[in-house]
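Q: the sequence and its predicted three-dimensional model are supplied below.
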Amino acid sequence: MSRTKSFEAEGALDKARKHKKRQLEDTLVVVIKKRKEYEEKMKEKGEAPVMFSHLGPPRRESEAS
């Protein structure tokens, strides 16, 4: 492959990686939002939320990433 095609391929891979990362981050935000809504709904009913009990407390992502 020529050098320019190699750079184009690298750029395309970087773009795909960034897109996938963004998709995963968006999905995580939706899951956290749904979890919070569910827990609030269960508290209003007076029941203990169990839907996500197997996951444990949410992890905090470090700012270094």
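A: Great, that's in hand.
Q: phi, psi of residue 47?
A: Dihedral pair for residue 47: phi -110, psi 160, per degrees, to the nearest 10.
Q: since we're on it, how many residues are nearby?
A: 9 (other Cβ atoms under 10 Å). Heads up, the C-betas are built off the backbone N, CA and C, glycines and all.
Q: residue 42 too?
A: Other residues close to residue 42 by other Cβ under 10 Å number 14.
Q: tell me the spacing between residue 6 and residue 12.
A: Look at residue 6 and residue 12: by Cβ to Cβ, to the nearest Å, they are 11 Å apart.
Q: packing partners for the strand or helix carrying residue 31?
A: Using DSSP states H and E, residue 31 sits within helix 3-45. Under the contact definition 3 or more Cβ pairs under 8 Å, 6 or more residues apart in numbering; DSSP states H and E, helix 3-45 sits against no other helix or strand.
Q: can you start the count at 708 instead of 1 from here on
A: In the new count, where the first residue is 708, that last one comes out as helix 710-752.
Q: tally of neighbours for residue 746?
A: If you count neighbours by other Cβ under 10 Å, residue 746 ends up with 14.
Q: pLDDT value on it, please?
A: On pLDDT, residue 746 comes in at 85.
Q: that one and residue 723: what is the separation?
A: 35 Å.
Q: ok, residue 735 next?
A: Counting by Cβ to Cβ, the gap from residue 735 to residue 723 is 19 Å.
Q: what does residue 729 give?
A: 11 Å.
Q: could you do residue 741 as well?
A: 27 Å.
Q: residue 751 too?
A: Taking Cβ to Cβ as the measure, residue 751 falls 43 Å from residue 723.
Q: cool, thanks, signing off.
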